[in-house]
Structure formats: C-alpha cells, structure tokens
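> Could you work out the structure for the sequence below:
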Amino acid sequence: MILRPLYIDKILKYVNTPFVKVITGIRRSGKSTILKMIIKKLIDDYGVKEEQIKSYRFDSMEYEGMTAKEMYSILKNDLSSNGKTYFFLDEMQEIDGWEKVVNSLASDYDVDLYVTGSNSRMMSSEISTYLTGRYVSFRVYTLSFAEYLEFKKHYAQVEDKNTELANYIRLGGFPATHLQDYGQDEVYTIVKDIYNSTIYSDIVKRNQIRKVDQLERVVKFVFNNVGNTFSAKSISDYLKSEKRALDNETVYSYLEKLEKAYLLQRCARYDLQGKEILKTQEKFYLADTALRYSVLGYNSDTVASSLENIVFLELCRRGYTVNIGKLDNDEIDFVATKQNQKLYVQVTQEINSKKTERREYDRLMELKDNYPKYVLRTDAFTGGNYEGIKTMHVADFLLIDEW
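All right, here's what the predicted structure looks like:
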C-alpha cells in the first residue's frame, strides 16, 4: 500500500475521541485502502491489539438484505472483551438505517468508529439527523498530482513535471489506474466502469430513474461544459433544441443526484463587491478529469478546462471553500477561503498575446486587498512576479506545500 498522508494524518487526529469518523468520496477513490492504512497505524503506533479491531465491508453479498437491527446485533456481539473496540465499517450506505446503528454503538459502548460510503446517504445533510455533533467528515478525492507522481514512481520512470502534468490531465487520478503501467485505453476502460457503476447503482437504481437516456444527456452536457457557467435552464434549452424536452426541475434534480454520487462538484459564483453568493450561473467540476475522457473520448482542445478542474480539486483537497469571483462583468477563476486565509487564482493554458496577458492580470489587479494572487499557466514565461501577482506553472502550484 502506498500511504496517503493527506488523509491519514487528518483522520488520526481523532483517534480515541467520541466522534464517528465518516469518510466519503466517489467510488474507487481509495476509501477502503485508507481504512486499512489506519488499521495498520493503530496496531504499529498506538498499541492497539488486533483482536480489538473489527472490520466489515457491507457491499459484500454476505450482508445483502441485512436490516439495521441485524447489523446492530452482529456488531454488538463482536465487541472486544479486552478494551475499546475499533470498528471499521466500509460502504455503510448499503444498509438502511445505518446511522441509528452507529449512534447506538457510540452512545452505549466503548468504541472508536470509522465509517465509509460513496453516495447521498453519506452526505452531511443525510447523516446529521442521527449523528448531530457526533461525527467528523472527511472527503477523499482521487489522487492529487503529488500523489500521482508518488504512485507512478513505484512502477515506471517519472518524466519531467510538465510532461507528467499532461499525463495526469489525460489519465486522471483514480488510484486503481496507477498501480501498474496501464495505457490510455486500459485506464479509460477502468474509469468507464467506475462511471457506469456510479450512474447505475448510486443514481438510476437508488432513485428508480426510468428515463436513463435523459440522465445521460445531462451528464454529457455537463462533461462537455466543464469550466463554463450554466444553469438548469441552459441545459433544458439545449435539450429542447435537440428535440429532447426536459423541464428545469428535472434537470436540477439530475444535477443534484450527480453531486450526491460525488461525480460532480458545484462551484457557485461569489460577488466580490456585494459579498454574497450568487444563485445563478454556477460551474460544475468533475471528480476526476479521466471521467470526461472515458465517456466522451480524449480531446486536446479540452485541456484548458481540465487544467481549471485540476486546480479546483487541489484547492478543495487542501480544505479551501472555492467560489468563482464575480467582479463587475469580469470573473476571477477561483476565490479560495479557509478560516482567515484567502487566495485568488487565474488559470490559463497559455498567454500568447498582450491582450490575453492584460485580461488575466488586470482582473487580479482590480482587487485591492493584500491576499495572495496567482496566474497559473503551462507555457514558458519569464519573471515570476508582476505588480504583486505571482506567476507560476500549474505543476509547481500543485506541488508546492504552502501557497
């Protein structure tokens, strides 16, 4: 196993606390492996005995059709007789009422609970009813660029970071695709399977959607428009033009379900003058760039928006709340905030004219505060600072420890 300290270190801070550790994220992002890493750490570094650790994977056929009451009985009977019991409960969303089980165990016994899941039942809005104030949530993303390089080191020669960034954009960061030297076709086959299982198991089957072709058309519109602002009405109008009528409410419902399955992540616009979140013309980013290419095919013309997608995910990984900045009629690609920290980011594939340069820098220069401002690009440039604005290669930005 290749360690992922970005998550392990955060989760281990809550060992032996009364909080249920809820670990969420898209299918195959590495949640189950992270549980195994935590188990190893508990045994190696915390003196926990193996008999105190109880691990279950509830998407196994063994537990199909199990009720919450049956689950509670099994776990209760498996409590350690020698100190605290450490329960690792993987894919808990498969059991209706799992929250009640976890809440009862946490209330009545000496336990430390770690729970994973990959659909809407694991969203904060769904679990807060039963676990209010009793849980901490961790979102697991696919591999960051730094993690991708670390994984690749184990099976192939790592090239220069600019070349590897291009590979990372094209192949994405699902851990399963970087355990050996897969080619592009093999990677997209694996990712398309993840996509299909998410669409059909977590969305179609769970929500009893009958018009699957409508859902897939919405998905393809979103995948084609990564980095563009649009609304449910935009999609509805587009589908009408294609003779595929779909009302705004249905489109909005599909977008919400895609979010809850962790395929998409919404990025709202923020009015930098009015200091408020705007409810219209949002952007949606994908959980991984390879999802787009496995469904639609690779197209080098989409690299610019994929770069934006990758920077968005990296900001989220590091705990920032990310919005699009609205400034009069202009946009700042990202306004990222975390407690008292803030940074502004413009992402561009290349700057090939004075006009483009002015467009990227002038927007940031209109901001009169002293928070860090970045222009990120992938082409060659001279100088790293312009009127207090830092210019960086996207690869360097993704790999730097602190911004």
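> Next secondary structure element downstream of the host helix or strand of Asn196?
Assigned by DSSP states H and E, Asn196 belongs to helix 184-197. Once helix 184-197 ends, the next helix or strand along the chain (criterion: DSSP H and E) is helix 206-207.
> Average pLDDT for that next one, rounded please.
The average pLDDT for helix 206-207 rounds to 86.
> try stretch 357-375
92.
> what do you get for stretch 4-16?
Mean pLDDT, stretch 4-16: 97.
> roughly how far out does it sit from the chain middle?
Centre-to-centre, stretch 4-16 and its host chain are 17 Å apart (Cα atoms, centre = their mean, to the nearest Å).
> ditto for stretch 27-43
17 Å.
> and Arg269, what is it in contact with?
Thr229, Ile277, Leu278, Thr280, Gln281, Glu282, Lys283, Asn323, Ile324, Gly325, Lys326, Glu331 (Cβ atoms under 8 Å, 6 or more residues apart in numbering). No exception for glycine: its C-beta is placed from N, CA and C like everyone else's.
> are any of those residues buried, and which?
Thr229, Gln281, Glu282, Lys283, Asn323, Ile324, Gly325, Lys326, Glu331 (16 or more other Cβ atoms under 10 Å).
> just to revisit the earlier point, now tell me which of the contacts of Arg269 the prediction trusts least.
Thr280 (83).
> Give me the neighbour count for Tyr130.
Neighbours of Tyr130 under the rule other Cβ atoms under 10 Å: 17.
> any idea which element the residue nearest to Asn16 when sequence neighbours are not counted lies in?
In space, and not counting its chain neighbours, Asn16 is closest to Asp112: 5.8 Å by Cβ to Cβ, 6 or more residues apart in numbering. Assigned by DSSP H and E, Asp112 falls within strand 111-117.
> and that strand, what does it pack onto?
If you count contacts as 3 or more Cβ pairs under 8 Å, 6 or more residues apart in numbering; DSSP states H and E, strand 111-117 packs onto strand 20-24, helix 31-45, strand 85-90, helix 98-108.
> Out of these, which is the most enclosed?
Greatest average neighbour count among those goes to strand 20-24 (a mean of 24), per mean count of other Cβ atoms under 10 Å.
> Given that one, what are its sheet partners and their directions?
strand 111-117 (parallel), strand 135-139 (parallel) (DSSP bridges).
> Would you convert those into JSON lines that also reports mean neighbour count, distance to Leu149 and mean pLDDT?
Below are these laid out as JSON lines (neighbours: other Cβ atoms under 10 Å; distance: least, Cβ to Cβ, whole Å; pLDDT from 0 to 100):
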{"stretch": "strand 111-117", "mean neighbour count": "24", "distance to Leu149": "25", "mean pLDDT": "95"}
{"stretch": "strand 135-139", "mean neighbour count": "18", "distance to Leu149": "22", "mean pLDDT": "93"}
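> Cool, thanks, talk later.
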